[in-house]
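> Dropping the sequence and predicted coords here.
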Amino acid sequence: MKVFTALSLKQRLLMVVLVPAAVLAATISGLLLIRDTQALDDAATERGIAIVSFLAPAAEYGVISGNRTNLTALLQAVLGQRDVAAVAIYNPDGSVLAVSGKPRLDDVSTMRRTHGPTTLERGDDRISFAAPVQPTPLVIDDLPGGDVDGTAAAGGGPLGWVYVEVDTRSLIERKRDLVLGTLAIVVLGLALTAAFALRLARSVAEPLARLVEAVKQMAAGNLEVSVPDSGAGAELQALETGFNAMARTMADAHKTLQARVDEATELLAHQALHDPLTGLPNRRAFEQALEDAVTASRRAGDSGVLCFIDLDRFKIVNDTCGHAAGDELLRRIARLIRQRVRAEDLICRIGGDEFALILHGCGPEDAHRIAENIREAVAAFRFTWEGRRFSVGASIGLVRIDGSLATASDVLVAADLACYAAKKSGRNRVVEHDDGPVGGAGDSGDAAVQAVQPAAIPYDQLLLYTQAVVPVGDAATESWSEILLRVVGPTGEVGSASDLLARLEPGRHLIELDEWVAAQVCAVLARGAAGAPLQRVSLNLSRSAVLASGRYVAHLETQLKRHTLDPDLVVLEFPASMVEQAPEESRHLAREARRVGCRIALERMDGGAVALLKTLHPDYVKISLKQLVETYGLEAGCNLAQALCGMAAALSIRSVASEVEDDLLRDSLRDFGFDFAQGALIAATTPLER
């Protein structure tokens with residue numbers, strides 16, 4: 001059966017027709033050949049019997065008289081017959097009386113036993129016949145007694161025998177011709193049958209083969225396929241028509257589906273790289289573009305400028321009129337900025353109310369002009385919502401992309417610091433990373449906010465202070481402290497380290513400073529372990545430490561193991577705005593900190609960052625009452641603080657009231673729901689060594 005399954009449809013159809021035809025032809029031809037050859041043999045036998053039957057009576061006289069001349073003439077006449085090869089007449093004793101030709105009779109006794117015309121033997125090319133020469137009865141009418149028995153008169157036996165040999169070579173040729181003719185007829189019939197079967201097989205197999213090939217092409221993805229009308233019959237035509245209709249339907253469906261897939265893919269690709277609110281490229285697209293710009297500045301010497309834009313007073317609109325108003329304001333500001341940049345520049349929304357602008361092939365003067373144009377346009381813009389009129393501003397930080405900063409992270413940190421300097425110096429201004437504020441209202445020229453070229457870290461001028469974070473009310477919770485960095489001035493005064501942080505190189509010096517602080521704190525805790533129980537401390541992290549969290553946490557883990565300190569004593573603290581700007585890096589920092597065993601705190605939590613409570617789930621959140629009141633007013637700020645505390649409590653997150661500098665607010669902390677408090681009215685800052 002395996003042999004048949006390996007055959008093609010065409011071969012099977014041929015076998016279905018040819019095998020029965022061949023069997024039938026062979027059977028009929030065999031029967032006919034057997035019948036015809038037997039008829040030829042019978043005819044030859046009958047002819048030989050007829051010859052000896054005729055010859056025996058004719059030779060009676062010559063045998064009786066012994067007239068050889070007469071017998072020889074008779075034998076010559078018989079020998080002249082077709083196919084007669086030899087003739088002989090024998091005496092009763094078996095001796096030759098007359099012969100013509102060359103008889104092949106070896107055993108005369110066989111002939112003498114015959115009693116009538118008979119066939120003696122059949123050879124390869126001859127058949128021998130014999131018949132006895134019987135005396136003819138003599139009838140004498142005049143004699144009394146009637147007939148006189150000639151046999152009795154002759155002594156009662158044959159007078160002799162006649163012997164004839166017939167040549168069968170012509171008979172064999174006729175048989176061969178008969179076989180060859182029959183075979184020729186059979187072959188011709190089978191050839192005609194094969195031609196018909198082949199035509200029939202092709203009429204069925206070829207349309208089916210075209211259908212199979214079309215199905216294979218369709219399976220390979222070529223849906224634009226069809227089979228021609230073969231005209232092979234109603235059934236095959238119906239199959240071909242049905243296949244073509246199915247193929248057209250599938251092709252149309254595939255085109256429709258592919259169009260939808262392409263549309264969805266294009267939409268997803270657009271959504272993956274664009275902000276759904278403003279339609280601007282999002283943070284992912286910005287990071288890719290910034291990486292390309294930094295790489296081009298290092299390899300090809302291309303220069304550019306990054307502008308970090310942070311809207312001023314946006315939260316007032318968002319929290320006063322709701323998110324719908326805030327979203328509409330962001331859309332209008334995005335359109336306003338987009339109208340004031342060049343076609344080759346890239347404006348992105350990177351989160352919240354922050355935008356980033358990459359100016360390609362732009363010099364410092366042109367960059368300042370473009371940034372100042374954007375700042376003036378935003379400052380002059382007035383936003384109206386439900387009868388309320390608001391004005392916003394833009395604090396813009398600039399940093400050159402000229403190869404001086406090694407990585408995109410360094411460039412981004414530098415722009416962030418420049419933007420921070422712009423806000424700290426009064427907002428609504430443009431500050432370059434290596435230049436002072438330019439233009440804008442309220443330009444005070446304060447050198448304290450200028451971002452200058454990176455300098456080395458003056459470790460000999462640095463001091464570490466602490467400020468206690470104490471429980472509110474009767475909460476049975478231990479106090480802990482925040483580590484604060486201070487700088488000794490030229491005249492010996494101790495001041496804030498914000499100016500120093502603005503001057504340091506973001507990618508290298510800031511993380512080195514964070515690592516130095518961690519090492520100093522761990523050493524101090526280890527020295528004080530023998531004298532008093534250890535207290536939990538929180539370490540403020542720079543943006544560089546968040547972006548390089550793997551390096552920082554590994555360094556911290558090494559210091560904890562070196563001084564045999566419990567990691568639970570350390571809280572890593574960074575602003576909530578940092579999580580919005582670098583969500584992936586912030587989540588990685590949280591995972592690494594929890595892997596080591598440290599805790600996480602988010603500072604400056606406000607209403608715009610409540611989603612971080614659930615996504616990052618820190619151990620502590622710090623809520624600046626001073627900032628909320630200044631931004632939203634006393635009543636709205638207190639209500640927002642109370643709401644944030646309630647949300648944190650629902651997620652089992654401890655809340656800290658930071659920057660408590662008002663007696664009225666201090667007395668209401670317990671009513672707001674705070675767990676801890678920190679600020680000038682709660683506890684003064686003290687050196688870490690104490």
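Yes, it's here.
> What score does Ile623 have for pLDDT?
Looking at Ile623, its pLDDT reads 90.
> Next, the contact list for it, please.
Listed by C-beta atoms under 8 Å, 6 or more residues apart in numbering, the contact set of Ile623 reads 604-606, 641, 644-645, 655-658, 674. Backbone N, C-alpha and C define where each C-beta goes, glycine included.
> looking at this, it is in a strand?
Yes - counting by DSSP: H, G, I helix; E, B strand; the rest coil, Ile623 falls inside a strand.
> If it is in a bridge, with which residues?
Ala657 (DSSP bridges).
> hmm, back to that, now rank the contacts of Ile623 by neighbours and give me the top one.
Met605 (31 neighbours; other C-beta atoms under 10 Å).
> Give the helix, strand or coil label for that residue.
coil.
> just checking, it touches Tyr620?
No - using C-beta atoms under 8 Å, Met605 makes no contact with Tyr620, being 9.8 Å away.
> picking up where we left off before, for the contacts of Ile623, point out the one with the lowest pLDDT.
Asp606 (76).
> got the contact list for that one?
315, 576, 623, 627-628, 631, 640, 644.
> could you measure Glu46 against Glu328, distance?
126 Å (C-beta to C-beta, to the nearest Å).
> Which residue of those two possesses the greater neighbour count?
More crowded of Glu46 and Glu328, by other C-beta under 10 Å: Glu328, with 15 against 10.
> one step back: common neighbours of Met605 and Tyr620, please.
Common neighbours of Met605 and Tyr620 (C-beta under 8 Å, 6+ apart) do not exist.
> for the closest residue to Ser109 other than its chain neighbours, helix, strand, or coil?
Sequence neighbours aside, Gly94 is the residue nearest to Ser109 in space, at 7.4 Å (criterion: C-beta to C-beta, 6 or more residues apart in numbering). Secondary structure assignment for Gly94 (three-state DSSP): coil.
> isn't Gly94 right up against Arg112?
Yes - using C-beta under 8 Å, Gly94 makes contact with Arg112 at a distance of 5.8 Å.
> I'd say Gly304 and Gly363 touch.
No - if you go by C-beta under 8 Å, Gly304 and Gly363 don't touch, sitting 9.5 Å apart.
> Comparing these two, which shows the higher neighbour count?
Using other C-beta under 10 Å as the criterion, Gly304 and Gly363 rank with Gly304 on top: 24 against 13.
> quick one, what contacts that one?
So Gly304 contacts 293, 297, 358-362, 400-402 (C-beta under 8 Å, 6+ apart).
> Excluding residues flanking it in the chain, which one is nearest it?
Ile401 (4.2 Å).
> how many other residues sit next to the one you found?
25.
> show me the contacts for it.
Ile401 neighbours (C-beta under 8 Å, 6+ apart): 290, 293-294, 297, 303-306, 358, 411.
> Out of these, list just those in helices.
290, 293-294, 297, 411 (DSSP state H).
> Max pairwise distance over the residues you listed: which two?
For the ones in helices among the contacts of Ile401, the maximum inter-member distance is 10.5 Å, found between Leu290 and Ser297 (C-beta to C-beta).
> okay, those two: which has more neighbours?
Taking other C-beta under 10 Å, Leu290 and Ser297 do not tie; Leu290 has more neighbours (23 against 19).
> Quick check: the nearest residue to that one once chain neighbours are set aside vs Ala220, distance?
Closest residue to Leu290 apart from its sequence neighbours, by C-beta to C-beta, 6+ apart: Ala408 at 4.6 Å. Distance of Ala408 to Ala220, given as C-beta to C-beta: 45 Å.
> Comparing the two, which residue is more hemmed in?
Ala408 (22 against 9).
> what sits against that one?
Neighbours of Ala408 in contact, by C-beta under 8 Å, 6+ apart: 287, 290-291, 293-294.
> hmm, try it at 7 Å
For Ala408, the contact set (C-beta atoms under 7 Å, 6 or more residues apart in numbering) comprises 287, 290-291, 294.
> Just the buried residues from those residues, in ChimeraX please.
Remark: buried members of those, expressed as a ChimeraX selection using 16 or more other C-beta atoms under 10 Å:
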select :287,290,294
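> returning to what we had before: and the residue nearest to Gly304, how far is that from His360?
For Ile401, the distance to His360 - C-beta to C-beta - is 9 Å.
> same question, Glu432
17 Å.
> which of these two has more neighbours?
Glu432 (26 against 17).
> So what's the residue count around the nearest residue in space to the more buried one that is not next to it in sequence?
Spatially, and ignoring its direct neighbours in sequence, Glu432 is nearest to Leu398 (4.2 Å; C-beta to C-beta, 6+ apart). Neighbour count for Leu398, taken as other C-beta under 10 Å: 28.
> show me what contacts Leu398?
305, 307, 367, 371, 415, 418, 430-433.
> same thing with Val553?
592-593, 596.
> any idea how far Pro117 is from Phe129?
For Pro117 relative to Phe129 (C-beta to C-beta), the value is 7 Å.
> more crowded one of these two?
Regarding Pro117 and Phe129, a neighbour count based on other C-beta under 10 Å identifies Phe129 as having more, with 25 against 20.
> Could you report the pLDDT at that one?
91.
> In a strand, it, correct?
Yes - per three-state DSSP, Phe129 lies within a strand segment.
> How about the contacts made by the residue nearest to it when sequence neighbours are not counted?
Spatial nearest neighbour of Phe129, excluding adjacent residues (C-beta to C-beta, 6+ apart): Gly48 at 4.0 Å. Residues near Gly48 by C-beta under 7 Å, 6+ apart: 119, 127, 129, 164, 166.
> Looking at these, state which has the most neighbours.
Result: Val164 is most packed of the contacts of Gly48 (other C-beta under 10 Å), 30 neighbours.
> May I ask which helix or strand of the protein has the lowest mean pLDDT?
In the chain, no helix or strand scores lower on mean pLDDT, DSSP states H and E than strand 437-438, which sits at a mean of 38.
> Give the rounded mean pLDDT of the helix or strand following that one.
Going down the chain from strand 437-438, the next helix or strand is strand 462-471, by DSSP states H and E. When pLDDT is averaged over strand 462-471, the result is 90.
> quick one: strand 462-471 to chain centroid distance?
In terms of C-alpha atoms, centre = their mean, to the nearest Å, the centre of strand 462-471 is found 57 Å from the chain centre.
> Give me the average confidence score over the helix or strand that it is followed by.
Next along the chain after strand 462-471, taking DSSP H and E as the criterion, comes strand 480-488. Averaging pLDDT along strand 480-488 yields 90.
> separation between the residue nearest to Glu432 and Ile358?
With C-beta to C-beta as the criterion, Leu398 and Ile358 are 11 Å apart.
> if we can go back for a sec, and the contacts of Gly304, which is closest to Leu280?
Relative to Leu280, and with distances defined as C-beta to C-beta, the nearest of the contacts of Gly304 is Ile358, at 12.1 Å.
> unless I'm mixing things up, that closest one is touching Ala289, no?
Yes - look at Ile358 against Ala289 with C-beta atoms under 7 Å: they come within range, at 5.6 Å.
> what is in contact with those two at once?
Counting by C-beta under 7 Å, 6+ apart, the residues touching both Ile358 and Ala289 are Leu346.
> what about Val52, is that helix, strand or coil?
Assignment for Val52 (three-state DSSP): helix.
> which secondary structure element contains Tyr163?
Per DSSP H and E: strand 160-167 holds Tyr163.
> in its sheet, what does that strand sit against?
strand 84-90 (antiparallel), strand 126-133 (antiparallel).
> which other helices and strands contact the helix or strand following it?
Sequence order places helix 169-219 as the next helix or strand after strand 160-167, per DSSP H and E. Contacts defined by 3 or more C-beta pairs under 7 Å, 6 or more residues apart in numbering; DSSP states H and E place helix 169-219 against helix 9-58, helix 234-273.
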